[in-house]
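*Asks:* Kindly generate the corresponding structure for this input.
(one chain, ligands or ions: 1)
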Amino acid sequence: MNLSMEAIIWEHNRLRLLDQTKLPRSIEYIECNHYQTVAEAIKKLAVRGAPAIGAAAAYGLVVGAGQIEAADRQTFVAKLADIARELGDTRPTAVNLRWALDRMMMRLAAAPEQDVQELRRILLDEAHAIYQEDIQSNRQMGEFGQALLPDGARVLTHCNAGALATAGYGTALGVIRAAHEKGKQIHVFADETRPLLQGARLTAWEMLQAGIPVTLITDNMAGYLMAKQQVDCVIVGADRITANGDVANKIGTYGVAVLAKHHNIPFYVAAPLSTIDLRLSSGDEIPIEERDPREVTHHGGQAMAPEGVQVWNPAFDVTPHQLVTAIITEQGVIYPPYLENLAKVCGNNK
Ligand SMILES: CSC[C@H]1O[C@H](OP(=O)(O)O)[C@H](O)[C@@H]1O
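*Replies:* Model prediction:
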C-alpha cells in the first residue's frame, strides 16, 4: 500500500479529499464535485486538522464558485458569500477554517475584475497559495523546532498534527520529521487519542511510513510513561491560540500539559501564525466543538456503553499558557513573556 498520501489533491480542475475516517484500513478519496461534499467531509472529519480544513474549505469555495450560474459580479459574490458561510459553519474551534475563507473573500473583494470566469481563476490561485504557503510554513516550523530536539529525544505527541492535518509535512510531526531528516534518532510516543483515535490511526501510520520509530500508547498511559522518565518533551499541534498564549487543541491535551508540568517536561506547541487568533484575549473565549455522543459510546459500530447513558463529548480543550513552554511557528520559537502577549510578536505579521 502506497502510504505517502496527501490529504487534499487538486488536479485536472477537480478536488479530491483523502477520507481519513477510513485510515489506516483503506485509502479512499472523496470526489468533491459539489461544495457541500466538502462541507460534509469537514463535519465528519474525513478531512481534519486545523490547516487542512482551512485549505480544504478554500478549495471547496472554488468548487462552489464553479457551481454559481451568475453573469454579473455582484450576484456571484453574494452567492459565494453564502457558500463561504456554509463552509465556515462546519466546525467552530479551528480558527484556520474561517481564516482561510475570509482570506479568499478578501482576495475577491480586492480584485477589480468584473468577469466571473476571471474571478473564478483568482479564487483558485488564492486556494493554491494557501495550500503551498502551509507546506512552506510547516517546513520552516520544522527547521526552527528540530533545534529543540536533541539526538535520541523521546517525544510524546497527542492526536495527529502531521501531514494529514495540514497541506503537507505537518506541524508537530513536521518538527519530528525535520529532526529525523537531520539524522537525529527520535522516538515518538503517540497517544491513541480517544474517542476518534487520530493518534492510533493517523500518527502511528504517518510515523511508520516515514521510518520514524513510534510506540502507540493509550491516553491513560501518558502519566505513567512520564513517571518512568521515558519522555523528554511533548509536542502537539493547535486549533486556535489566543492573544495570551492559551491553546485549544484536541481533547486530552490539557491533561498531558498538566502531567508534563508536574514532571518538569517541556511542553511545546507547533502551529502556523494562521492558528493564532489575536481577536480573542484568552482561551475562555474559544468556541469548543461538542460532537455526537455516539463517538464515545460506540466503536466500529458496536456499543461500548449502555443505552441511555449521558455523554459529554467536547472535541477540544484549552491549555492555559502557563503550561506551555514555547510555541513553535514558521517565524521562530516564541517563549514567555512574549508567549503571553502574542500581539507583540506577531501582530504585524498576521
Ligand atoms: C495541525 S492542527 C491538528 C489539530 O487538529 C486536530 O483536531 P481534529 O482531528 O478534530 O481536526 C487536533 O486538535 C490536532 O492537534
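*Asks:* Sketch out the helices for the stretch 151-300 of the chain, chain order is fine.
*Replies:* 172-181, 198, 204-210, 222-227, 253-262, 294-297 (DSSP state H, counting those that start in this stretch).
*Asks:* tell me the contacts of the residue of the stretch 1-150 of the chain found nearest the ligand?
*Replies:* Taking CB to the nearest ligand atom as the measure, the stretch 1-150 of the chain has R48 as its residue closest to the ligand, at 3.4 Å. C-beta: built from backbone N, CA, C; applies to glycine. By CB atoms under 8 Å, 6 or more residues apart in numbering, the contact set of R48 is 20, 42, 164-165, 198.
*Asks:* try A163
*Replies:* Contacts for A163 (CB under 8 Å, 6+ apart) come out as 6-7, 169-170, 173-174, 206.
*Asks:* Which of the residues in stretch 82-98 are classified as buried?
*Replies:* Going by neighbour count (16 or more other CB atoms under 10 Å), the buried part of stretch 82-98 is 83-84, 86-88, 90-98.
*Asks:* Tell me which residues are up against stretch 64-72.
*Replies:* Residues contacting stretch 64-72 (CB under 8 Å, 6+ apart): 34-35, 75-76, 79-80, 83, 87, 114, 116, 119-120, 123.
*Asks:* Could you pull out the buried residues of that stretch?
*Replies:* 64-66, 68.
*Asks:* Check the separation of the first and last residues in it.
*Replies:* 16 Å (CA to CA, to the nearest Å).
*Asks:* Which residue comes closest to Q136 once chain neighbours are left out?
*Replies:* Distances taken as CB to CB, 6 or more residues apart in numbering place E330 nearest to Q136, at 7.5 Å, with adjacent residues excluded.
*Asks:* wait, the one you found sits on I135?
*Replies:* No. E330 is not in contact with I135 according to CB atoms under 8 Å; the separation is 10.6 Å.
*Asks:* between the two, who's got more neighbours?
*Replies:* E330 (23 against 19; other CB atoms under 10 Å).
*Asks:* which ones are touching the more buried one?
*Replies:* Going by CB under 8 Å, 6+ apart, E330 touches 136-138, 140-141, 144, 272-273.
*Asks:* ChimeraX command to pick out the buried ones of these?
*Replies:* Filtering the contacts of E330 down to the buried ones (16+ other CB under 10 Å) takes a single ChimeraX command:
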select :137,138,140,141,144,272,273
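*Asks:* In helices, which of the contacts of E330 appear?
*Replies:* Using DSSP state H, the subset of the contacts of E330 located in helices is 136-138, 140-141, 144.
*Asks:* Hmm, L18 and I27 touching each other?
*Replies:* Yes. At 7.0 Å, I27 counts as touching L18 under the criterion of CB under 8 Å.
*Asks:* and for these two, which residues touch both?
*Replies:* Taking CB under 8 Å, 6+ apart as the criterion, I27 and L18 both touch M5.
*Asks:* on that earlier part again, looking at the contacts of stretch 64-72, which is nearest A248?
*Replies:* Nearest to A248 among those: L87, at 19.9 Å, using CB to CB.
*Asks:* care to break the chain down by domain?
*Replies:* 3-138, 148-347 (automatic domain parsing).
*Asks:* Columns mean pLDDT on top of those domains, output as CSV?
*Replies:* As requested, the domains of the chain are exported to CSV (pLDDT from 0 to 100):
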stretch, mean pLDDT
domain 3-138, 96
domain 148-347, 97
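*Asks:* Within range of the ligand, give me the residues from the stretch 151-300 of the chain.
*Replies:* Contact residues (CB under 6 Å from any ligand atom) of the stretch 151-300 of the chain with the ligand: 159, 161, 165-166, 171, 198, 236-237, 239, 249-250.
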